[in-house]
Every structure is written in structure tokens, then in C-alpha cells.
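Student: Please work out how this folds:
(one chain, ligands or ions: 3)
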Amino acid sequence: MVIAMIKGSLEVTPMAMLSRPVCGVRGKTLIINFPGSPKGAGENFDFVKKPLKHAVDLLSDKKPEVECLHKAMQSSNLKSKVNAVNVADRARKSQFETIPVKTAQDIVIQNCLEIPSVVEKRTLKNSIGFILAEDVLANDPLPPFPASIKDGYAVFVSENSQLQNALLQVRGDSTAGESPDKCHVEEGFCIRVSTGAPVPPGANAVVQIEDTELVERTEDGNDEKVIRILKSASKGQDIRPPGSDIPANELILPKGTRLGASELGVLAAVGRPQFSAYRKPIVGLLSTGNELQSPHDMVLEKGKIRDSNKTTLESLFQKEGFQTLDIGIAKDTPDAVYQKLVEGLKKSDVLVCTGGVSMGEKDYLKRVLVTDLGATIHFGAVLMKPGKPTTFATCTLNGNKKLIFGLPGNPVSATVTSHLFVIPALRKLSGWDTPLYPAVKVQLEKDIKLDPARPEYHRVTLNWNTETGVPLASSTGNQISSRLLSCNTANALMLLPKAGEFPNGIATAGSLMTAHLLSL
Ligand SMILES: Nc1nc2c(c(=O)[nH]1)N[C@H]1C(S)=C(S)[C@@H](COP(=O)(O)OP(=O)(O)OC[C@H]3O[C@@H](n4cnc5c(N)ncnc54)[C@H](O)[C@@H]3O)O[C@H]1N2
Ligand code: MOO
Ligand SMILES: [Mg+2]
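Tutor: Ligands and ions are numbered 1, 2, ... in the order given. Predicted coordinates:
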């Protein structure tokens with residue numbers, strides 16, 4: 001505890017090295033000596049409060065509770081009930097019906113809808129991409145006063161005079177930030193105004209400086225005394241009436257609005273720096289596989305490869321605005337998969353695993369989900385290339401429903417299925433109404449051979465063709481699902497039908513296809 005206090009305090013101030021915290025135990029009493037200053041005492045309490053209950057339990061010999069806590073904190077003792085020995089009896093065909101992508105997406109979204117959304121208070125900082133959970137009305141109108149659109153003169157235009165060639169005495173000035181009541185305009189007079197400054201009472205138009213000339217200076221020669229208006233002026237000209245940009249007490253951002261830069265700017269403008277938004281889910285990332293080494297390892301052991309999925313998916317989800325947690329790598333044993341799944345599910349709302357979902361003897365994910373976690377697998381095979389063994393399950397942990405994606409281990413399959421299933425789910429859980437990627441018609445640049453059995457999500461780079469108005473889709477090359485390079489530079493997933501739907505099984509150059517936009 002002393003170390004925790006010194007370590008925590010040093011992050012607040014280097015002066016902490018001058019303090020001498022003391023902690024001890026007398027009989028069954030824990031004694032903590034906090035610093036004398038109220039601020040220091042409060043901070044130090046925060047540094048040590050987490051294990052207090054556990055410390056007191058230890059002192060009072062509350063063994064069962066202590067053991068239970070230990071067990072809950074380390075999922076490392078968990079033993080799977082999956083039989084890993086009997087390989088000969090394993091299923092030789094997938095037990096899961098292969099369903100269309102659209103059906104799979106509907107199932108995912110339906111499960112998201114069954115999770116109650118959590119509303120949290122947010123402020124203008126770090127709220128980009130969040131969805132408003134309340135209707136927002138403007139507190140104040142914008143502009144809050146009649147404001148000048150030009151640098152010039154506030155004047156009075158009457159029924160009889162539009163002021164062409166009129167000589168007006170300059171009575172004062174109104175610059176931005178001043179009170180509108182500072183001065184007053186009457187016939188024969190004007191007030192010099194700046195853009196954004198209040199137009200004073202009595203004035204009903206602004207004449208820009210370009211349409212005036214100076215006729216007489218003040219005695220000291222520095223200021224304007226009389227000006228001439230060169231062009232006729234009309235009532236209301238170059239004035240923004242109060243509330244003309246944003247009216248007060250009107251619904252300006254309805255519940256469900258996604259907060260982009262301008263929406264946050266609007267909230268800032270109308271005096272709503274605090275608002276309710278839907279909480280975003282936390283995404284846990286788990287790689288599985290005996291072959292995986294850290295991407296930081298410079299030397300590969302025999303038979304090993306570096307874990308690239310976690311880096312790709314972490315970057316993808318973070319780019320979409322979601323917080324990710326690295327749950328690590330699970331070895332290909334039922335125990336390891338079980339332990340990592342429990343750890344991941346405790347820490348996150350949505351757990352995204354890669355690998356171990358196909359037909360291999362060490363593909364344990366589905367079996368552990370069902371046998372050890374009592375999870376429901378909603379689908380375990382999807383009619384698509386890449387991504388065939390994509391698996392989606394839900395389970396309940398401490399009363400909370402959790403989503404689990406078991407994405408295929410191949411790097412391209414994991415990336416493509418993240419776009420098609422995981423990101424829509426994360427968006428839906430964050431309150432988006434339309435979480436799927438928008439689709440556009442695109443034109444094939446070259447012939448492409450179609451897959452005999454599965455519709456393909458072909459990675460393409462779209463270039464906007466200004467002559468035809470239709471984006472031209474260029475393939476990123478060899479589409480094998482292990483070749484992550486095929487995702488580089490891709491800004492769309494082009495949906496190609498299976499071979500039977502095209503003569504000779506070839507989609508010819510110039511054909512129109514649907515593509516899902518990943519980015520612009
Ligand atoms: N008999 C069958 N075999 C396979 C089928 C099938 O239907 N029948 N489906 C194939 C398809 S399609 C895919 S996709 C893969 C999916 O495999 P798994 O999800 O079980 O994944 P693994 O076997 O663990 O790994 C596949 C591949 O990906 C590499 N990998 C895994 N994790 C990572 C990572 N984090 N970073 C980089 N690369 C990773 C792994 O080394 C393998 O090469 O199954 C086919 N087999
Ligand atoms: O479906 Mo797998 O994802 O082709 O490689
Ligand atoms: Mg496998």
C-alpha cells in the first residue's frame with residue numbers, strides 16, 4: 001500500500017518523494033497513515049481503495065470469500081469439459097447450416113436490439129461519433145441579437161427614403177462583443193458597425209463600407225463625422241435577425257443524431273455542452289492459435305507466424321471510434337480457449353475472436369462456447385467468400401448478454417467479416433439506426449472469374465469516373481484469404497455472384513456490380 005501511494009502520488013507531483021506514508025496491521029486492524037493535506041489524503045485513498053475489502057477479508061480470515069474472489073479474478077484455473085482426445089470421432093461435416101449473408105446480418109442486428117442500451121452523460125470533448133439519446137433544443141437563439149453581416153454602417157431606411165446620396169452623421173460605433181444597447185440610430189444618423197456586431201436599436205439596415213464615402217472628419221481628423229450613402233438601401237439588408245441561424249427552444253438535434261464535427265459545433269453554439277448519448281460497447285480482441293507469436297518478435301520459431309489479426313482488427317475498430325481491449329492469444333487447447341473466453345467476456349461487451357472455427361482437430365472455439373459457457377451459437381457457417389466458417393454466438397455473464405464473434409483465422413476473412421458483421425453490430429449497440437455500410441453501383445475494370453459455389457466479397461479500389469459518373473472498380477489482385485495485401489488500398493467490397501449466375505462463370509469488364517463502401 002505504501003508503494004501504491006508513493007507511485008500514485010509521484011504521478012501527481014514530484015514533491016511526493018518527500019512524504020513518508022506508513023501502513024501496518026495491529027491484531028486484525030489495518031492502519032493506513034495518509035498525508036496531512038486534505039487533497040493528498042483524498043488522492044492517496046483513491047490509490048489504495050481497490051484492494052481494501054480484500055485486505056480486510058484476509059485479516060478477518062474470511063476464507064471462502066477470499067477464495068471466490070481469487071477464482072473470479074484469475075480465470076486461469078478453469079477446466080474445459082470439451083473432450084480433446086477423441087479425434088477419430090469428430091464430425092466430418094460442419095453441423096451448421098450455411099446461411100446467406102443477409103440472414104446472418106439480420107440475426108446479428110436482432111441480437112443487438114435485445115441488449116438494453118445504456119445512456120451516459122457526455123460533454124463536447126471526445127464525443128465524435130456518439131449518438132444522441134435525447135432531443136436537444138437550443139438554449140439560446142443564434143444570433144442572440146440582430147447582427148451585422150457586413151463591415152459598414154447601421155442606418156434607418158424609411159418608407160420615403162432609401163438613402164441614395166443621403167448624408168448621415170456618424171454617431172458612434174458597434175464592434176463585435178459590445179452590448180446592442182450602447183447606442184441608438186435615428187433618421188439622419190448612422191452607427192459604424194463590424195461584421196458580427198450588434199445592429200443598434202433604431203437601425204433597420206446595414207450599408208457596407210464599399211457603398212459609402214467619407215464627407216467630413218471630426219475636428220482632430222481621426223474619426224468620421226459625416227458619410228454619404230452611394231447606393232439605395234432596403235429594409236433588413238445585411239442584418240441577421242435574432243434566431244435566424246438557430247431559433248431558440250426549437251428541436252435542432254433530434255434523439256438518434258450521430259454527432260459529427262458540425263453537430264458538436266451546434267451544441268457548443270447553443271449552450272448545450274452536456275448531453276446524453278448512448279454508451280459505446282467495449283470490444284475485446286482474442287487471437288487463437290498455437291502458431292501465433294507476438295508481432296514484436298523479430299525471430300520466428302519453426303512453424304510459427306506473427307499474429308496480425310489483432311493489429312488489423314484493433315486498428316479497424318479504433319478507426320470506427322470503438323475502444324478495444326487486447327485479451328491476448330489463446331493456445332489451441334480447450335482449457336486455454338475457455339480461460340481466455342471468460343477473461344474476455346468479463347472485460348468486454350463484445351468479444352471478437354479469430355481462428356479455430358473451422359473443421360480442424362484443434363478448432364475448439366465452437367465446442368467450448370457451447371459446452372463450457374452455455375452460449376447459443378446463432379450461426380456457424382455463412383455462404384460467402386471469404387468468411388465461410390464465420391460464427392456468431394451470445395451468452396449471459398452476470399446477468400449481461402454478451403456478443404461473441406468467432407471470425408475465421410485467415411487475415412482477409414477476419415477483416416472482411418469484421419466489416420460485414422462486427423462493425424454493424426458495434427454501431428447498432430451504439431444507437432445507429434442504419435448500421436450497414438452504404439452500397440453503390442460500380443463498373444468492373446477487367447474480367448473476373450467467379451467462384452463456383454460462393455458469392456464473393458472482392459476487395460476493389462474505386463476510382464470516380466467523371467465521364468460515366470459510375471465508379472470504376474479495380475481488383476486488388478490475388479484474393480486468397482491469407483493474403484492481407486489484397487485489403488491494402490481497397491476502399492470497397494464488391495459483391496460478385498457465384499459462377500452460375502453469369503455466362504461462362506465470368507463477370508466481364510464493364511458489367512455493373514454492387515459494392516459496399518468502406519471509405520471514400
Ligand atoms: N476441411 C475444411 N477445412 C477448412 C474449411 C472447411 O470448410 N473445411 N474452411 C476453410 C476456410 S474457408 C477458412 S477461412 C479457414 C478458417 O479457419 P479457422 O477459423 O479455423 O482458423 P485457423 O484454422 O485457426 O487458421 C486459419 C489460417 O489463419 C491463420 N491465422 C489464424 N490466426 C491468425 C492471426 N491472429 N494472425 C495471422 N494469421 C492467423 C492460421 O495460421 C491459418 O493459416 O479454414 C479453412 N479450412
Ligand atoms: O471462407 Mo475462407 O474465409 O475462404 O478463407
Ligand atoms: Mg482451423
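Student: For stretch 193-203, which residues meet the burial criterion?
Tutor: For stretch 193-203, the neighbour count (16 or more other Cβ atoms under 10 Å) marks 193-194, 197-200, 202-203 as buried. All C-beta spots, glycine's among them, are computed from the backbone N, C-alpha and C.
Student: ok, which pair from those is furthest apart?
Tutor: Pairwise distances across these peak at 17.9 Å for Ser194 and Gly202 (criterion: Cβ to Cβ).
Student: how far away is Trp464 from Gly152?
Tutor: Distance of Trp464 to Gly152, given as Cβ to Cβ, to the nearest Å: 43 Å.
Student: hang on, I meant Pro51
Tutor: 69 Å.
Student: Which residue of the two possesses the greater neighbour count?
Tutor: Gly152 (25 against 13; other Cβ atoms under 10 Å).
Student: Check which helix or strand Thr324 maps to.
Tutor: Thr324 belongs to strand 323-330 when assigned by DSSP states H and E.
Student: for that strand, what is the average pLDDT?
Tutor: Strand 323-330 shows a mean pLDDT of 98.
Student: What is it packed up against?
Tutor: strand 282-288, helix 309-319, helix 334-347 (3 or more Cβ pairs under 8 Å, 6 or more residues apart in numbering; DSSP states H and E).
Student: from memory Asp223 sits against Arg192, does it?
Tutor: No. Using Cβ atoms under 8 Å, Asp223 is not in contact with Arg192; the gap is 9.2 Å.
Student: what sits in contact with each of those two?
Tutor: Shared contacts of Asp223 and Arg192, defined by Cβ atoms under 8 Å, 6 or more residues apart in numbering, are found at Val170.
Student: who's more crowded, the two?
Tutor: Set Asp223 next to Arg192 and count neighbours by other Cβ under 10 Å: Arg192 wins out with 21 against 12.
Student: Quick check: beta-bridge partners of the more buried one?
Tutor: Tyr153, Asp173 (DSSP bridges).
Student: so what's it up against?
Tutor: 152-154, 170, 172-174, 224.
Student: and of the residues you listed, the nearest to Leu58?
Tutor: For the contacts of Arg192, the nearest to Leu58 is Ser174 (71.8 Å; Cβ to Cβ).
Student: Pull the number of nearby residues for the closest one.
Tutor: With other Cβ under 10 Å as criterion, Ser174 counts 23.
Student: And Leu436, by the same measure?
Tutor: Neighbours of Leu436 (other Cβ under 10 Å): 16.
Student: Same question for the one 3 residues further on.
Tutor: A total of 15 residues lie near Ala439 under the criterion other Cβ under 10 Å.
Student: That one touches Leu517, doesn't it?
Tutor: Yes. If you go by Cβ under 8 Å, Ala439 and Leu517 touch, sitting 7.3 Å apart.
Student: Overlap of the contact sets of the two?
Tutor: With Cβ under 8 Å, 6+ apart, Ala439 and Leu517 have no common neighbours.
Student: Glu216: what's it in contact with?
Tutor: By Cβ under 8 Å, 6+ apart, the neighbours of Glu216 are 224-226.
Student: Work out for me the element it sits within.
Tutor: Judged by DSSP H and E, Glu216 forms part of strand 212-217.
Student: strands paired with that strand, and their directions?
Tutor: strand 224-229 (antiparallel).
Student: got the contact list for whichever helix or strand comes after the partner strand?
Tutor: Counting by DSSP H and E, the next helix or strand C-terminal to strand 224-229 is strand 239-240. Contacting residues not belonging to strand 239-240 are listed as 143, 146-149, 199, 203-206 [Cβ under 8 Å, 6+ apart].
Student: From the residues you listed, which land in strands?
Tutor: 147-148, 205-206 (DSSP state E).
Student: Nearest to Ser244 among those?
Tutor: Using Cβ to Cβ, the ones in strands among the contacts of strand 239-240 come closest to Ser244 at Ala147, 8.7 Å.
Student: how much space between the residue in the stretch 401-520 of the chain that ligand 3 sits nearest to and ligand 2?
Tutor: Per Cβ to the ion, the residue of the stretch 401-520 of the chain with the smallest distance to ligand 3 is Gly409, at 6.0 Å. For Gly409, the distance to ligand 2 equals 9 Å [Cβ to the nearest ligand atom, to the nearest Å].
Student: That residue against Asn290, yeah?
Tutor: No. With contacts counted by Cβ under 8 Å, Gly409 stays clear of Asn290, the gap being 11.6 Å.
Student: Would you mind telling me which of those two has more residues around it?
Tutor: Each of Gly409 and Asn290 has its neighbours counted (other Cβ under 10 Å); Gly409 has more, 25 against 14.
Student: Please name the spatially closest residue to the more buried one (chain neighbours excluded).
Tutor: Gly355 (3.1 Å; Cβ to Cβ, 6 or more residues apart in numbering).
Student: give the contact list for the one you found.
Tutor: Going by Cβ under 8 Å, 6+ apart, the list of residues near Gly355 reads 287-289, 309, 363, 365, 408-409.
Student: how about 6 Å then?
Tutor: Going by Cβ atoms under 6 Å, 6 or more residues apart in numbering, Gly355 touches 288-289, 409.
Student: ok, how many other residues are close to the nearest residue to Ile149 once chain neighbours are set aside?
Tutor: Distances taken as Cβ to Cβ, 6+ apart place Asp238 nearest to Ile149, at 4.3 Å, with adjacent residues excluded. Residues lying near Asp238 (other Cβ under 10 Å) number 20.
Student: Tell me the one of the ones in strands among the contacts of strand 239-240 nearest ligand 2?
Tutor: Set against ligand 2, the nearest of the ones in strands among the contacts of strand 239-240 by Cβ to the nearest ligand atom is Ala147 (59.1 Å).
Student: show me the contacts for the closest one.
Tutor: 196, 240.
Student: try 10 Å this time
Tutor: 174, 176, 180, 193-199, 206, 238-242, 244-245 (Cβ atoms under 10 Å, 6 or more residues apart in numbering).
Student: Residue of the stretch 101-250 of the chain closest to ligand 1, please.
Tutor: Nearest to ligand 1, among the residues of the stretch 101-250 of the chain, is Val101, at 14.3 Å (Cβ to the nearest ligand atom).
Student: so that residue touches Val382, yeah?
Tutor: Yes. Look at Val101 against Val382 with Cβ atoms under 10 Å: they come within range, at 5.9 Å.
Student: so what sits against both of the two?
Tutor: Common neighbours of Val101 and Val382 (Cβ under 10 Å, 6+ apart) are 390, 417, 420-421, 454.
Student: among these, which are in helices?
Tutor: With DSSP state H as the criterion, helices contain Thr417 from among these.
Student: For the shared contacts of Val101 and Val382, pick the one with the most neighbours.
Tutor: Thr417 (30 neighbours).
Student: I'd like to know how far it sits from Glu159.
Tutor: Using Cβ to Cβ, Thr417 is found at 72 Å from Glu159.
Student: and the residue of the stretch 201-350 of the chain nearest ligand 1?
Tutor: For the stretch 201-350 of the chain, Cβ to the nearest ligand atom, closest residue to ligand 1: Asn309, 3.3 Å.
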